[in-house]
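**Q** Structure, please.
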Amino acid sequence: MKPSTPIRVAALIAGFALAAVGHAQAFQLTSPDIKPGGSIAEEQVFNGFGCSGKNISPALRWSGAPAGTKSFALLVHDPDAPTGGAGWWHWVVVNIPASVTELKKDAGKADGSNLPSGAQQIATDFGGPGWGGPCPPVGDKPHRYNFTVHALKVEKLELPGDARASLAGFMVNANSLGKATLTGRYGRKR
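**A** Residues are numbered from 1 along each chain as shown. Now for the predicted structure:
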């Protein structure tokens with residue numbers, strides 16, 4: 001038996017309403033400093049390894065986290081780094097409280113002084129904690145820098161004090177309810 005036209009129309013309207021609600025609450029990561037797919041500014045570039053940027057982490061904001069989020073983690077990775085396939089970890093922050101929806105510009109100081117209370121930085125591939133900006137080899141095509149915020153189902157990741165980025169990334173992915181990614185690009189000509 002076919003449903004009557006008014007019932008079909010009501011079901012269709014309800015479906016559109018649900019889709020609109022789902023769309024409005026999509027988990028998103030944005031930055032006033034980096035446009036999606038755009039170039040990363042010299043202000044964010046590493047100061048060392050032949051690069052002379054200011055090594056200031058960009059401001060990041062997120063919204064639409066999934067229900068049940070108890071904390072956040074931020075992973076910044078360059079999959080194009082010439083490391084034999086491992087890429088390069090530029091910034092890892094875990095245990096960001098669920099009430100926090102942004103990291104302000106220069107939150108990535110190595111001493112953690114600009115992070116929200118409770119947040120913890122993990123050593124990057126530069127050898128220590130904090131933001132390490134882009135610095136790809138001269139002449140490489142522009143590298144991709146993936147900024148990914150994860151909504152986690154736990155309030156705190158229990159990591160050893162000497163944890164490295166790969167262990168943190170494993171634990172983040174094991175506890176992730178959802179993620180949002182923003183990709184910026186940077187290349188060196190000289």
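**Q** Do a quick rundown of the strands in the chain.
**A** Applying DSSP state E to the chain gives strands spanning 28-30, 47-48, 51-52, 60-63, 71-78, 88-97, 102-103, 120-121, 143-152, 176-186.
**Q** out of those strands, nearest to Ala165?
**A** Comparing the strands of the chain by their distance to Ala165 (CB to CB), the top pick is strand 88-97, with 3.6 Å. (Each C-beta comes from the backbone N, C-alpha and C, glycine too.)
**Q** gap between the nearest residue to Glu155 once chain neighbours are set aside and Leu157?
**A** Excluding the flanking residues, the one nearest Glu155 by CB to CB, 6 or more residues apart in numbering is Lys70, at 4.6 Å. From Lys70 over to Leu157 the distance is 11 Å, taken as CB to CB, to the nearest Å.
**Q** The two - which one has more neighbours?
**A** Leu157 (19 against 14; other CB atoms under 10 Å).
**Q** for that one, what are its contacts?
**A** By CB atoms under 8 Å, 6 or more residues apart in numbering, the residues touching Leu157 are Ser71, Ala73, Val94, Asn95, Ala168, Met171, Val172, Asn175.
**Q** now these: which count as buried?
**A** Neighbour counting with 16 or more other CB atoms under 10 Å marks Ser71, Ala73, Val94, Asn95, Ala168, Met171, Val172, Asn175 as buried within the contacts of Leu157.
**Q** doesn't Pro116 make contact with the first one?
**A** Spelled out, that is Ser71. No - if you go by CB atoms under 8 Å, Ser71 and Pro116 don't touch, sitting 10.5 Å apart.
**Q** Mutual contacts of these two, please.
**A** In terms of CB under 8 Å, 6+ apart, Ser71 and Pro116 are both contacted by the residues Ile96, Pro97.
**Q** tell me the contacts of the most centrally placed residue in the chain?
**A** Per CA atoms, centre = their mean, the C-alpha nearest to the average position across the chain is that of Thr148, at 2.3 Å. Contact analysis of Thr148 by CB under 8 Å, 6+ apart lists Leu29, Leu74, Leu75, Val76, His77, Lys179, Ala180, Thr181, Leu182.
**Q** Return the member of those residues nearest to Gln121.
**A** Nearest member of those to Gln121, counting by CB to CB, is Leu74, at 9.5 Å.
**Q** what's the spacing between the closest residue to that closest one other than its chain neighbours and Ala119?
**A** Spatial nearest neighbour of Leu74, chain neighbours left out: Val93 (4.4 Å); criterion: CB to CB, 6+ apart. The spacing between Val93 and Ala119, counted by CB to CB, is 6 Å.
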